[in-house]
Every structure is written in C-alpha cells, then in structure tokens.
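Engineer: Sequence first, then the predicted structure, then my questions.
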Amino acid sequence: MPELSDLYKPGMRPEELAACVLGKSGMDMDNPRLPIDPFSLMRSCGIVYQFMDAKKLEGVYIVPEDAEDVPMVGINYNRPITRQRFTAAHELCHHLKDRRSQICPIGNNVNAMERYAEQFAAALLMPLPALRKMAAEYMVDGRVDLQAALLLSVKFGVSFGACARRLAYGLHLLDYENSQELNRRIKKFKPDKEKEKLGIPLEPLELLAQAVDSYEFFYQVQPELTWYIFKNNFIFNENRMEGVDLEEEEVAEIVADLRLKGSDSEYCRADYDDIIQVTGHLDIYDYICSTEERLDIYKLMKLNRLLFQYTPCPDAGGGTRQNNAMVQGACFETADWREIMPRIIALGDVVEKIMAHMAEDSVSEFIEKAMRVHHEIPQIHPFVDGNGRCSRAFLNWMLRLKNLPPIYIKHKEKERYYEALALADSKGDYKPLTKILIKELFRTMMEINRQPM
C-alpha cells in the first residue's frame, strides 16, 4: 500500500495522525492550500470511493481482504458536499487506523472508533494552526462570532456546524456555556439562509471538482450494457412521450417498424410524431456509443439527420435553417441565419482544441470546457428543430471519449437545469451548469452500478 497507509502508530491522537497525513502530503500546516482535498488523499492511499444512494448511512469503509485487494469507500450521494468531504476524511481514518477490523459504517452508533475518526476528520480538514491564523482576521476582543464561523467554514470547505464546534472546542475562540447551548445556537443560526444573503453558493464548484477529479469511473457491467441501461432510462422513461396512450410493447413494435421500413412505415405520419422522434433519438445514441468516427463539430448535422430520419420529410434533417428564429422564454438571441456557418466553424476550432488537450485535462476541467460547447450550440441554433437534443448528444459523445458515462437530466431536475442555462445565457456564469453535470455523472454511475445496499 502507498506510504500514507502506514502512518498510524498505536497511541496516536487524532490530531497527530491528521498532522502526519498532511505533512507527508507536503502541506504547510500554517498555510495549507484550502480547501484541503480529502478525495485526493484517499486516492493517494489506493482507496477507491463511490457515491451510493443511501438513506441513513453516511459512509462505509470496506476493508480489503488481502494485500492484492482494493480498499473501498462508499459515500452518501444525498448529503451536502461539505458532509461528503467530512465522510471522506472520516473513512480515510478507518483505512489508516482500522483496516484490520471489519467493515466500518458511519451511522448513528457512535463508539470510540467512530469518535476518533470524527476528530481526525475535523483535524484533517481544519488544521488548528491554519484555522487559528485565519480566525484572527475576524476576531473582536479575542473572540469570533457565528458569522465568522460561517465565513471560515466556506474557506475550509466544511459545514457551518463542524467549523463552529472546532472554533469552540479546539481553539476556545467561540464562547459557549455548554455543548447543548452551543448546539442550540448553531441550529438557530440558519447557515444556508445566511449564505444566500451573502451570495455564497451552497455547493461551491471547487468542492465538487475535487470530488470528481479523484473519482474512479468503473463499471460493474460491460460498456455496451452501460449504454443500454442509459438508453432505457433516458429514452423510454425520461423523454416522456406525452399524449401517447400506448403500452410499452406497442411502442416497441412501432419503433421496430419505423426502423425497418423508414418513411414507408404506416406509422410515419404526424399523429405518431412523438414516437418518431424517440426512435430517431435512439438511433443517435446507438451511433455515438459505438462509432469510431472522429468527433468534430460537423457531426452535429449527422446527429440532426438521425433524429428526424423517420419523419415524413426526412431530408429536412441535418440542414441549417434558412431564416431567423426566436426561442420562447430564452435569455439570448439566436444567431442570424447568415452567421450560422461562421459560428459553427469557430466553435469547431474550440472543439478541436478541447479534444487535443483532453488527456491532460482533469475531469472537472474537461467538463467545464465541454459544457461551454453544449451551451453554445443552442445559442447558434443551427437547425429548425432538435438543437437541444443534438447538443446534449454531442456532449455525451465528448464524455464518452473522456471515458466518462453518459448523462441526462431527470425530469424533476429540468427546472434547475434550465435556470443554470439562463445564468449562462444572461451572465456568462457556467458554474451552475458545470455543477449539475458533475452531479449527474455521479448519479449515472449509481444507476448503472446499482446494487442492493
């Protein structure tokens, strides 16, 4: 196992073990780079972590069976990123100190082993020398208040409650009568509302970027099954063929007939438009999940042709629009039709550069660049119809080439997705879109690898 895994010595206090980990990682205890990244520290120990769709369990450390086995950590996907980071640090402690024990779950059962891991996590993410130094900026008469605790929690990438307790118990800079009184004040403070007032994001992109950059995207099924699962979830469940009063078997029969006979199918008519487009959508994903063709921006035309190939006028697919268009409710103006090709050519140069540097970019860097391309395509609006679907398919093609899973936005999340698009449209702020994509990557992996917990 890597060197960090052998740091623990019997009798070590949590603060000592955390300091050893940070020191061995080359961090300055007084001036560490903040927020400290517990995910990269886990990976440096050879730990593979995965998010899990759990209700009560915060996390779990699965002890390796032998020297050849890989230690695994599960982290609750449904918790805030600050809690997920704390869980990561907590489970790292179990690996360093308790890996000769059995499975170590975090639940409501707090024993000595769990208390040690909680104290280690606080010490790792909030080293006292650094916390003391930064708290000095907010001190009044040698003390800090809860507002200062909130601002410090943002800098250290931890929850407000964890930071307030560290300031109170670890540095004695926050006044309190007893633990019950401190807990009452912390609960009453409402940190999320305070963050909204101050314009502080509840989920900073930097924290999510740390989580995704050290994440191991591995599949418990064959790659072709990955896309099969994706297509079933995306096309049949989330595309929501509204107004189609047919059983799934009937839909499958119509799809098969359209694929076999094309425009000669008896279903190739306007009243089957929803199913026609779903069939074309399926063909898009069949294509991008298997093609060996080189990705370039001009493949958009092929994607649009595939989308509309079963319509009564299939030749209309893939051609750029010949007049100006307006997207209802959008915060942007689409490109003048005469500017479509110049802007497509310019975007093509961007795509070329992204793909040329794909191997050297971190996952979060690549995602941010790919999301900009995804956002630009609907703004150019090259086609009469299908611009959003083609842009999302193009994004998934880019993700595939980076060995990342395909994503789709679940119906209940679409409002948040559209709000993020509007921010990118109106303010050029791509952070909300990038955060959505990162979280959707995690969710897709959970759905693909879903196992009973």
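Structural biologist: Arrived safely. None of these values were measured; they are calculated from a predicted model.
Engineer: In the protein, mark out all the strands, start to finish.
Structural biologist: Along the chain, counting by DSSP state E, strands occupy 48-52, 59-62, 72-76, 104-106.
Engineer: Please identify which of these is closest to Asp213.
Structural biologist: Smallest distance to Asp213 across these (Cβ to Cβ): 12.1 Å, for strand 48-52. For the C-beta atoms, the positions are set from N, CA and C on the backbone; glycine is no exception.
Engineer: What helices and strands are in contact with that closest one?
Structural biologist: The contact analysis (3 or more Cβ pairs under 8 Å, 6 or more residues apart in numbering; DSSP states H and E) places strand 48-52 against helix 38-44, strand 72-76, helix 81-98, helix 431-448.
Engineer: let's go with 7 Å and repeat that
Structural biologist: Secondary-structure packing of strand 48-52 (3 or more Cβ pairs under 7 Å, 6 or more residues apart in numbering; DSSP states H and E): strand 72-76, helix 431-448.
Engineer: most tightly surrounded among the strands of the chain?
Structural biologist: strand 59-62 (a mean of 24; mean count of other Cβ atoms under 10 Å).
Engineer: for that strand, the distance to its chain's centre please.
Structural biologist: 20 Å (Cα atoms, centre = their mean, to the nearest Å).
Engineer: what's the average pLDDT for it?
Structural biologist: Across strand 59-62, pLDDT averages out at 92.
Engineer: ok, it: who's next to it in the sheet?
Structural biologist: strand 72-76 (antiparallel), strand 104-106 (antiparallel) (DSSP bridges).
Engineer: which stretches of the stretch 351-453 of the chain aren't confidently modelled?
Structural biologist: 451-453 (pLDDT under 70).
Engineer: residue ranges of the helices in it, please?
Structural biologist: 363-380, 387-401, 414-427, 431-448 (DSSP state H, counting those that start in this stretch).
Engineer: And the stretch 101-250 of the chain, by the same measure?
Structural biologist: Using DSSP H, counting those that start in this stretch, helices in the stretch 101-250 of the chain cover 112-125, 128-135, 146-156, 160-165, 179-189, 191-198, 205-213, 223-231, 248-261.
Engineer: closest to Lys299 out of these?
Structural biologist: Across those, closest to Lys299 is helix 223-231 (Cβ to Cβ), at 17.4 Å.
Engineer: one step back: least confident of the strands paired with strand 59-62, on average?
Structural biologist: strand 104-106 (a mean of 59).
Engineer: just to revisit the earlier point, closest to Ser426 out of the strands of the chain?
Structural biologist: strand 48-52 (31.4 Å).
Engineer: Show me what Gly59 is bridged to.
Structural biologist: Bridge pairing for Gly59 - DSSP bridges - gives Ile75, Ile106.
Engineer: Now do the contacts for it.
Structural biologist: By Cβ atoms under 7 Å, 6 or more residues apart in numbering, the contact set of Gly59 is 73-76, 87, 90-91, 106.
Engineer: Make CSV out of these and add distance to Lys195.
Structural biologist: As requested, the contacts of Gly59 are exported to CSV (distance: Cβ to Cβ, whole Å):
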residue, distance to Lys195
Val73, 28
Gly74, 28
Ile75, 22
Asn76, 21
Thr87, 21
His90, 24
Glu91, 27
Ile106, 25
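Engineer: Closest one to Ala346 out of those, please.
Structural biologist: Closest to Ala346, out of all of the contacts of Gly59 and judged by Cβ to Cβ, is Ile75, at 40.6 Å.
Engineer: Does the closest one touch Phe86 like I think?
Structural biologist: No - here Ile75 does not reach Phe86: they are 9.9 Å apart, not a contact under Cβ atoms under 7 Å.
Engineer: Can you pull out the residues in contact with stretch 35-52?
Structural biologist: Under Cβ under 7 Å, 6+ apart, the answer for stretch 35-52 is 1-2, 4-5, 21, 25, 70-77, 85, 88-89, 92, 95, 124-125, 156-157, 206-207, 210-211, 214, 216, 442, 446, 453.
Engineer: Okay, buried residues for that stretch please.
Structural biologist: 35-39, 41-45, 47, 49-52 (16 or more other Cβ atoms under 10 Å).
Engineer: chain center to stretch 272-279: distance?
Structural biologist: Once both centres are worked out by Cα atoms, centre = their mean, stretch 272-279 turns out to sit 31 Å from its chain's centre.
Engineer: scratch that, stretch 114-125
Structural biologist: Here the centre of stretch 114-125 is set off from its chain's centre by 25 Å, with Cα atoms, centre = their mean.
Engineer: Would you mark the buried spots in it?
Structural biologist: So for stretch 114-125, counting by 16+ other Cβ under 10 Å, buried means 114, 116-125.
Engineer: circling back: out of the helices of the stretch 101-250 of the chain, which one sits most buried?
Structural biologist: By mean count of other Cβ under 10 Å, the helices of the stretch 101-250 of the chain have helix 160-165 as the most buried, with a mean of 23.
Engineer: any idea of the mean pLDDT in that helix?
Structural biologist: Per-residue scores along helix 160-165 average to 98.
Engineer: Alpha carbons only: can I get it in PDB?
Structural biologist: Extracted in PDB, the C-alpha atoms of helix 160-165 (Å, rounded to 0.1, in the frame of the first residue of the first chain):
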ATOM      1  CA  PHE A 160     -21.000  25.600   9.500                       C
ATOM      2  CA  GLY A 161     -21.700  23.300  12.500                       C
ATOM      3  CA  ALA A 162     -18.400  21.500  12.200                       C
ATOM      4  CA  CYS A 163     -16.400  24.800  11.900                       C
ATOM      5  CA  ALA A 164     -18.300  26.400  14.800                       C
ATOM      6  CA  ARG A 165     -17.500  23.400  17.100                       C
END
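Engineer: Packing partners of that helix?
Structural biologist: helix 146-156, helix 179-189.
Engineer: lowest-confidence stretch among these?
Structural biologist: Taking the mean pLDDT of the helices and strands packed on helix 160-165, helix 179-189 comes last: a mean of 94.
Engineer: Can you give the contact residues for it?
Structural biologist: By Cβ under 7 Å, 6+ apart, the residues outside helix 179-189 that reach it are 146, 160-161, 164, 168, 176.
Engineer: Of those, just say which sits nearest to Glu419.
Structural biologist: Phe160 (24.7 Å).
Engineer: Look up how far Phe217 lies from that closest one.
Structural biologist: To Phe217, Phe160 is 31 Å away according to Cβ to Cβ, to the nearest Å.
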